[in-house]
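*Asks:* After the sequence you'll find the predicted model.
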2 protein chains.
Amino acid sequence: MPGGLLTDMYEVNMAASYLRRGMTDQATFSLFVRRLPADRGFLIAAGLEDALRFLEDFSFEQEDLDYLRDVQGHGAGTLRALADLRFTGEVWAVPEGRAVFAGEPLLEVTAPIAEAQMVETMMLNHLTFQTSVASKAARCVLAADGARLIDFAFRRTQGVEAAMAVARATAVAGFAATSNAEGARRYGLPASGTMAHSYVQAFPSEEDAFAAFAADFPDRTTFLVDTYDTLSGVRRAVDVVRRLGLTGPVGVRLDSGDLGALAGEARRLLDAAGLRHAQIVASGGLDEYEIADLVKAGAPIDAYGVGTKVGVSADAPYLDTAYKLVAYGDRPVMKLSPGKVNLPGAKQVFRGPDRDVIALREEAPPAGCHPLLVPVLVDGRRIAPVEPITVVRDRCMSELARLPAPTRALRAPRPVPVEISLRLRRLQDRLRGTLSERLADPADHPATGSW
Amino acid sequence: MPGGLLTDMYEVNMAASYLRRGMTDQATFSLFVRRLPADRGFLIAAGLEDALRFLEDFSFEQEDLDYLRDVQGHGAGTLRALADLRFTGEVWAVPEGRAVFAGEPLLEVTAPIAEAQMVETMMLNHLTFQTSVASKAARCVLAADGARLIDFAFRRTQGVEAAMAVARATAVAGFAATSNAEGARRYGLPASGTMAHSYVQAFPSEEDAFAAFAADFPDRTTFLVDTYDTLSGVRRAVDVVRRLGLTGPVGVRLDSGDLGALAGEARRLLDAAGLRHAQIVASGGLDEYEIADLVKAGAPIDAYGVGTKVGVSADAPYLDTAYKLVAYGDRPVMKLSPGKVNLPGAKQVFRGPDRDVIALREEAPPAGCHPLLVPVLVDGRRIAPVEPITVVRDRCMSELARLPAPTRALRAPRPVPVEISLRLRRLQDRLRGTLSERLADPADHPATGSW
């Protein structure tokens, strides 16, 4: 889908109007999260890779143009202009895998205003969702305290494409594997998959099912033990391992009941049978809170299958993201809508050891700080190759390690303080003053200020 | 994506094992919602159309098979069997747009077990998400009490495909239009789109922006009035309408602040200017609760733009769906996992005037009841043409009209009572008894019962 119509219709209408009027000045839009959801001390930036691919491929197909003519009534001039429209601008962005906080631009687009406007919907879509999931997944990784995590979300993600994004975002956040076959193939991730209850039920007995599966997959046998009675299931698994003389990796999966208590009893049964190497996998509606409770209780669980609640970021299924015009031509702009005032101008975020500073892009970094946004697209083309997931994951892992403990806390976390640079505050104040003054005069109502 | 790998890896492994063992008996799987989310008195069935398209197109591509051989280590026999695998089975389902309740099968698949197993992930994915969104959207329609609703969700849905499903599901639930350009084109829905704050900001003044937009789109001008000050914005919109002598449909959109109070004042300004026909559109983080409050307060709002909270079904972003084996060969099956016991056998739901009855499929309907599930796919092919969205929407509208008031309530709703037929209860009891008895005998552990 090259995607001219992958947008909200008002973007098309506004772009048509800009193009018709010869409004081709450079516009800068800033994409940021207004507020962190409850119980989020940080976010992990994700979605940039898909956003950049969209920008590079952006164009209208003939069928899109036919629709805009036949159904939406756009004229020949507009259609000609849209047919030629490509994304030719520049993008600065926070690399995927880095931690970000409220108000900090994740991405800034600078391009002729029609182009920058048209891509709003997709920039928001990719970054909002993937950042939500990467952040939720990172919380699970912190909660698991070294235990392995497996993405089990595919069946209840919000669509198939979402499942692929979840496979990738959970890998970025440090998950060890995914159950999603296409996701594993597409992104080169370890695939994980054993048996469902239906497999056990399809055989005359649980023991028959276990023996059949072990015979068919002797090198990757994890027995799902809770179809009828979990501990009987563990005993049967032990019998099968002994009977077949399995020496490869084996495990049991617990999918219901009191996972902590059952894991303890399963561990005792396995150890008593000499299967100290057998892994215990737990699954069933888990999220970071339940994982943290199990870890805290000392449950001997080696791996957690984590599905739906991470795949839809259940407690925070969206972020309060915005994509706001901050400069047009040579003028910084802002709006005054209640609760939605934004920071004008192209910006940079400087990260220090114990605080972030949002500043104008051209400002020098404060002492001991480094810039978070880097140029990623120039003249509509990427300036660096696609990053391997391993690189993004390593970046995320070192970010998580560096976050202060109160910021990493699962409940009532404290985000890192974010300051606004003096120059940026002065610009905002000046602009607000100018706008408010002119608002008071009903005859004169300019929407923009000056630097 | 024809989609052999659009599944969880364990489905592939189980299918491989079934095929290798010549286990080709017919299996019936039942897809249902275990519990309704909080504040859901009913669900609106959706997602079947995509599910059926998936089943009709199901097959492995060569690159899928190569991956299963090279990376997952499946052997030549398995690959040959998978290469030939198509969905040849039968599906009974609740038509899209009908109301359903906890425990009621939304869909039952009967096919050789490898086929029925392989499609689990996608059946769950399509029905879970689209039913979530259609149900949330239907609640908005009930809350709006006749005002028009517009889908504004695209920018914050969980991926692009999700946005398309949302455009369709909200249309099914009675939304009047969508902002999603591709969704509108794909499903033939009315597209809605005016201007963003950035458009207003890109012009030297708000009045210039309004005049430009009205000149470019004189037949569909809705002015976004809250960029700087909402009521000043309304006055400027009035000025522009008068100055340009616009006689077509016009409107103002309020996107922030106290929407009820601002709508009242905007209405007075518009009426005083003789623009009684001007529409007032409200948007900004709305959901069914806020719409209901605005309607109750008598806010003169003609249309609501409803975005993110419906597009991700924010308060219930997933459903507790299950796809459970209920029969294999000639034997009904069930599992005993704590909290996850299911109803055995192929089933039917009979809907009566004040209750539903879940029964075995072959049972006769109780007096005054009609069956909810109908056959939709036989021998892997649809038995009826694709339903136009208008047909599905009409069905949904008459369902909503028939629901009892306590079931439609937004808060603390009372679902329609769902009973289990005597025959089904007896089968479940008998099977539970057999399973429990045999569980007590560690030497004998059959997973299936008899009718």
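*Replies:* Thanks, I have the structure now.
*Asks:* Work out for me the element the residue nearest the centre of chain A sits within.
*Replies:* Centroid-nearest residue in chain A: A:Gln130, 2.1 Å away (criterion: C-alpha atoms, centre = their mean). Assigned by DSSP states H and E, A:Gln130 belongs to helix A:120-144.
*Asks:* does that helix come close to chain B?
*Replies:* Yes: judged by C-beta under 8 Å from any C-beta of the partner chain, helix A:120-144 and chain B are in contact via A:Glu120, A:Thr121, A:Met122, A:Leu124, A:Asn125, A:Thr128, A:Phe129, A:Ser132. For the C-beta atoms, the positions are set from N, CA and C on the backbone; glycine is no exception.
*Asks:* Out of the residues you listed, give me the one that has the most neighbours.
*Replies:* A:Phe129 (32 neighbours; other C-beta atoms under 10 Å in any protein chain shown).
*Asks:* I figured that one hits A:Met164, correct?
*Replies:* No: taking contacts as C-beta atoms under 8 Å, A:Phe129 lies outside contact range of A:Met164: 11.4 Å.
*Asks:* Tell me the spacing between A:Leu106 and A:Arg351.
*Replies:* Per C-beta to C-beta, to the nearest Å, A:Leu106 is found 14 Å from A:Arg351.
*Asks:* So which of those two has more stuff around it?
*Replies:* Applying other C-beta under 10 Å to A:Leu106 and A:Arg351 shows that A:Leu106 carries more neighbours, namely 29 against 23.
*Asks:* what's in contact with the host helix or strand of the more buried one?
*Replies:* Using DSSP H and E, A:Leu106 sits in strand A:105-112. Strand A:105-112 is contacted by residues A:24-33, A:45, A:48, A:51, A:87-94, A:100, A:116, A:119, A:123, A:127, A:131, A:326-327, A:346-347, A:349, A:358, A:361, A:373 when judged by C-beta atoms under 8 Å, 6 or more residues apart in numbering or on different chains.
*Asks:* Okay, and which of the residues you listed map to helices?
*Replies:* Of the positions in the contacts of strand A:105-112, A:Leu48, A:Ala51, A:Ala116, A:Met123, A:Leu127, A:Thr131 sit in helices, assigned by DSSP state H.
*Asks:* If we ignore the residues flanking it in sequence, what's nearest the second one?
*Replies:* If you skip the residues right next to it in sequence, A:Ala51 has A:His126 as its closest partner in space, 4.5 Å away by C-beta to C-beta, 6 or more residues apart in numbering or on different chains.
*Asks:* So A:Met195: helix, strand or coil?
*Replies:* coil (DSSP: H, G, I helix; E, B strand; the rest coil).
*Asks:* what do you get for the one 4 residues further on?
*Replies:* Applying three-state DSSP to A:Tyr199 yields a three-state assignment of helix.
*Asks:* on that earlier part again, and the strand holding A:Leu106, how far out from the chain's middle?
*Replies:* 19 Å (C-alpha atoms, centre = their mean, to the nearest Å).
*Asks:* what do you get for stretch A:109-128?
*Replies:* How far stretch A:109-128 lies from its chain's middle: 17 Å, per C-alpha atoms, centre = their mean.
*Asks:* before we move on, the earlier item: including pLDDT and neighbour count, could the ones in helices among the contacts of strand A:105-112 go into a markdown table?
*Replies:* Listed next are the ones in helices among the contacts of strand A:105-112 as a markdown table, based on pLDDT from 0 to 100; neighbours: other C-beta atoms under 10 Å in any protein chain shown:
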| residue | pLDDT | neighbour count |
| --- | --- | --- |
| A:Leu48 | 98 | 25 |
| A:Ala51 | 98 | 26 |
| A:Ala116 | 98 | 27 |
| A:Met123 | 98 | 27 |
| A:Leu127 | 98 | 28 |
| A:Thr131 | 98 | 25 |
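*Asks:* Out of those residues, flag the one nearest to B:Ser59.
*Replies:* The nearest member of those to B:Ser59, counting by C-beta to C-beta, is A:Ala51 at 32.0 Å.
*Asks:* contacting residues for that closest one?
*Replies:* By C-beta under 8 Å, 6+ apart, the contact list for A:Ala51 reads A:Ala93, A:Leu107, A:Met122, A:Met123, A:His126, A:Leu127.
*Asks:* Mind doing that once more with 7 Å?
*Replies:* A:Leu107, A:Met122, A:Met123, A:His126, A:Leu127 (C-beta atoms under 7 Å, 6 or more residues apart in numbering or on different chains).
*Asks:* okay but the last one is in contact with A:Glu49, surely?
*Replies:* No: judged on C-beta atoms under 7 Å, A:Leu127 makes no contact with A:Glu49 at a distance of 10.6 Å.
*Asks:* Contacts only, for the closest residue in space to A:Ser17 that isn't next to it in sequence.
*Replies:* Leaving out its chain neighbours, the residue that sits closest to A:Ser17 by C-beta to C-beta, 6+ apart is B:Asp216, at 4.5 Å. Contact partners of B:Asp216, counting by C-beta under 7 Å, 6+ apart, are A:Ala16, A:Ser17, A:Arg20.
*Asks:* what do you get for A:Ala102?
*Replies:* Neighbour list for A:Ala102: A:Val33, A:Arg34, A:Arg35, A:Leu36, A:Pro415, A:Val418 [criterion: C-beta under 7 Å, 6+ apart].
*Asks:* Can you pull out the low-pLDDT segments for chain A?
*Replies:* Residues of chain A that meet the criterion pLDDT under 70 lie in A:1-2, A:338-340, A:439-451.
*Asks:* again, only using 90
*Replies:* Low-confidence regions of chain A, defined by pLDDT under 90, span residues A:1-3, A:193-194, A:219-220, A:247-248, A:334-342, A:432-451.
*Asks:* Break it into its domains for me.
*Replies:* Using automatic domain parsing, the domain ranges for chain A come out as A:9-133+A:316-440, A:139-311.
*Asks:* deepest of those, which one?
*Replies:* Comparing the domains of chain A by mean neighbour count (mean count of other C-beta atoms under 10 Å in any protein chain shown), domain A:139-311 comes out on top with a mean of 22.
*Asks:* Could you check the strand or helix carrying A:Val310 against chain B for contacts?
*Replies:* Take DSSP H and E as the rule and A:Val310 turns out to sit in helix A:308-311. Yes: using C-beta under 7 Å from any C-beta of the partner chain, helix A:308-311 reaches chain B at A:Thr308.
*Asks:* Show me what that helix is packed up against.
*Replies:* Judged by 3 or more C-beta pairs under 7 Å, 6 or more residues apart in numbering or on different chains; DSSP states H and E, helix A:308-311 is in contact with helix A:120-144.
*Asks:* try 10 Å this time
*Replies:* In terms of contacts (3 or more C-beta pairs under 10 Å, 6 or more residues apart in numbering or on different chains; DSSP states H and E), helix A:308-311 is packed against helix A:120-144, strand A:148-151, helix A:160-172, helix A:288-296, helix B:120-144.
*Asks:* Apart from its neighbours in sequence, what residue is nearest A:Ala167?
*Replies:* A:Gly183 (2.8 Å).
*Asks:* Check which helices and strands the host helix or strand of that neighbour is in contact with.
*Replies:* Element membership of A:Gly183 [criterion: DSSP H and E] is helix A:181-187. Counting contacts by 3+ C-beta pairs under 10 Å, 6+ apart, helix A:181-187 packs against helix A:160-172, strand A:177-178, helix B:9-20, helix B:62-70.
*Asks:* which residues make contact with the last one from outside it?
*Replies:* If you take C-beta atoms under 10 Å, 6 or more residues apart in numbering or on different chains as the criterion, helix B:62-70 is touched by A:181-182, A:184-186, A:191, B:2-6, B:9, B:12-13, B:16, B:60-61, B:74-76, B:78-80, B:82-83.
*Asks:* What angle do helix B:9-20 and it make with each other?
*Replies:* If you take axes from the mean of the first three to the mean of the last three C-alpha atoms, to 10 degrees, helix B:62-70 sits at 80 degrees to helix B:9-20.
*Asks:* which is the next helix or strand following helix B:62-70?
*Replies:* Helix B:62-70 is succeeded, C-terminally, by helix B:76-84 (DSSP H and E).
*Asks:* what comes into contact with that following helix?
*Replies:* A:216, B:4, B:12-13, B:15-20, B:59-62, B:64-66, B:68-69, B:72, B:74, B:114, B:118.
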